[in-house]
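[1] what's the 3D shape of this:
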Amino acid sequence: MTTVINAKTIPAPRSAVLDDAHVGDIRGALGTIKQDDHGERRGLSAKLKTLLAIVGPGLIVMVGDNDAGAFATYGQAGQNYGTSLLWTLLLLVPVLYVNQEMVLRLGAVTGVGHARLILERFGKFWGAFSVIDLFLLNALTLVTEFIGITLATGYLGLPKVASVILAAAIIIASAFTGSFRRFERIAIFLCVGSLLLVPVYFMIHPKTSQMAHDFVVPAIPGGSGELATVMLLIIGIVGTTVAPWQLFFQQSYVIDKRITPRFMKYEKADLWIGIAIVVIGGAALMGMTAAAFAGTDGFGNFDDAAGLATGIEAHAGKIAGVLFAIALLDASIIGAFAVSLSTAYAIGDVMGLKHSLHRGVKGAKGFYAIYAGLVAVAAAIVLIPGSPLGLLTQGVQTLAGVLLPSATVFLLLLCNDKQVLGPWANGPKTNAFTVVVVGVLVSLSVILTASVLFPDITSTTILSIMAACGIAGVLAAGYAFTKRRTGTKEDPIDRTGRENWRMPPLETLIRPAMSTTRKIGMGALRTYLLIAMILVVIKIVQVALGN
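    Have a look, this model is predicted:
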């Protein structure tokens, strides 16, 4: 017998979600799921409809990753070294998946953005650093997106000022509709536009057998004499493919779309779709530029993305060049969408502002003001006569490579915080892989910083840095293993019923106590990254003034 007391039902546990617009029906670009729909999807048709409704966060963040900077980096690899660096894309697949899977888990389970979680779990000092890092890097990245817009429209013969203003207006207006669904439909339409690279690829027709070989067989072109140059390009590929803004964007976008843990498997499928598209797009860019410039005077002499379009036109005709330029324009706009939103979400999260695309401008004035202000400032910088646009692009890639290890460390710590993720916390395999990734990223960051400060760095120095970082990593891993063996084994995580588990409100959580070892490690990492960032900025300013 069931007893009802005063005809009242037991209220649901309080949620940690900060903006009530983040709770409700999932209104995706390609379908709707009601908030009270708890039915198990049976049958292929029902599961496909659910997937279509969920698709968006993983797809947009990955396609947005193939932005203006990616066109330049992948194009440079193809024009200067053929398809010999294709293998780097294959190695980045597990890195992309593990990083982005962790942030989608954080978003779906907690309902709180990445910047706010760092602030609440690690304190104002670390939270301020993370948001300041993100804001500066995103602002510069947004400038590179408008550089891509000017290069694409310049090749198409369109006036620079009008093109930049129109692009900025489109980017702002698309978010100002007050409808999450309308914004996502525009974004997914642009994602489909990225497939324009496919016909260009077939018009140029690179050698499939050679690409297949270089995709799975690692090689360093140019020999030891060009090791320094090639290593910098590889680091550039890593920096443009795995960028800090992706972490902040996807977590907040998953929250804004109202995705909960019960749809985790569909969101993972969405992420895999995005990864497949970004890898195919990157490979196509390398392959088509390698074939277009092979045997020409332009081989080994990369200039910019507009030069890529000119070379493609010379090899495959005007239509191929135009399609490439349109794809570059499309990619730059998608990148601008994602980078601007990630910043507005993060600042809204930290400052307690209403921050949702479900709200109109009147309901989230601060959120939309940040978004529009970033876009307007970036567009204005690009239009300043004499702006060192090429130098800005280089600086963004450098800073992204320097700051990425810090972002990944915070991500790893949050995903091991059982108060935050409960039954969704990381397992030992994910932790082991992520620790290796952090070690590799720190090594690449050190090499990148050294190369910017010392342009004549030799291959011997680079190999010495890699060896030193490798030895430090082995020692750290040995220490951690020994400590684990001598310590008390913790009970395994109980993962039962996790589909319905959500993080409790932030104010009910106890801030984790940081061990002395962790404080020293994080302090050392932050000190290095701060010094490296300052030195890189000084170097960029010196080069700009010298020019």
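
[2] any weak-confidence spans in the stretch 51-200 of the chain?
    In the prediction, the stretch 51-200 of the chain carries no residues with pLDDT under 70.

[3] pretty sure residue 408 contacts residue 433?
    No: the criterion here is C-beta atoms under 8 Å, and residue 408 misses it with residue 433 at 11.3 Å. For every residue, glycine as well, the C-beta is placed using N, CA and C.

[4] neighbour-wise, which of those two wins?
    Using other C-beta atoms under 10 Å, the more surrounded residue of residue 408 and residue 433 is residue 408, with 23 against 14.

[5] I'd like the average pLDDT over the helix or strand hosting residue 310.
    Assigned by DSSP states H and E, residue 310 falls within helix 305-316. The average pLDDT within helix 305-316 is 93.

[6] and the helix or strand following it, which residues are buried?
    Using DSSP H and E, the helix or strand that follows helix 305-316 in sequence is helix 318-351. For helix 318-351, burial by neighbour count (16 or more other C-beta atoms under 10 Å) applies to 320-350.

[7] ok, then the element right after helix 318-351?
    With DSSP H and E, the next secondary element past helix 318-351 is helix 365-383.

[8] Tell me the helices and strands packed up against that next one.
    With contacts taken as 3 or more C-beta pairs under 8 Å, 6 or more residues apart in numbering; DSSP states H and E, helix 365-383 sits against helix 124-155, helix 160-175, helix 318-351.

[9] Show the average pLDDT along it.
    94.

[10] now what about it, what contacts it?
    Outside helix 365-383, the residues within contact range by C-beta atoms under 8 Å, 6 or more residues apart in numbering are 138-139, 142-143, 145-147, 149-150, 160-161, 164-165, 167-168, 171-172, 175-176, 336, 340-341, 343-345, 347-348, 351, 353-356, 359, 361, 387, 389.

[11] did I read that right, residue 32 in a helix?
    No: counting by DSSP: H, G, I helix; E, B strand; the rest coil, residue 32 is located in no helix; its state is strand.

[12] Buried residues, stretch 508-528. List them.
    So, applying 16+ other C-beta under 10 Å, buried residues of stretch 508-528: 522, 525, 528.

[13] Pick the one among those residues closest to residue 461.
    Closest approach between the buried residues of stretch 508-528 and residue 461, by C-beta to C-beta: residue 528, at 17.6 Å.

[14] For that closest one, give me its contacts.
    No contacts exist for residue 528 under C-beta under 8 Å, 6+ apart.

[15] Could you give the backbone dihedrals for it?
    The phi and psi torsions at residue 528 (degrees, to the nearest 10) take the values phi -60, psi -50.

[16] what do you get for residue 28?
    phi -80, psi 170.

[17] tally of neighbours for the closest residue to it other than its chain neighbours?
    Nearest non-adjacent residue to residue 28, counting by C-beta to C-beta, 6 or more residues apart in numbering: residue 53, 4.5 Å away. By other C-beta under 10 Å, the residues close to residue 53 number 21.

[18] Residue 53: what secondary structure?
    With three-state DSSP as the criterion, residue 53 reads helix.

[19] can you check the one 10 residues further on too?
    Each residue gets one of three states, and residue 63 gets helix by three-state DSSP.

[20] That one reaches residue 279, doesn't it?
    No: Residue 63 is beyond contact range of residue 279, at 11.4 Å (criterion: C-beta under 8 Å).

[21] So between the two, which is more surrounded?
    Taking neighbours as other C-beta under 10 Å, residue 63 and residue 279 compare with residue 63 leading, 27 against 20.
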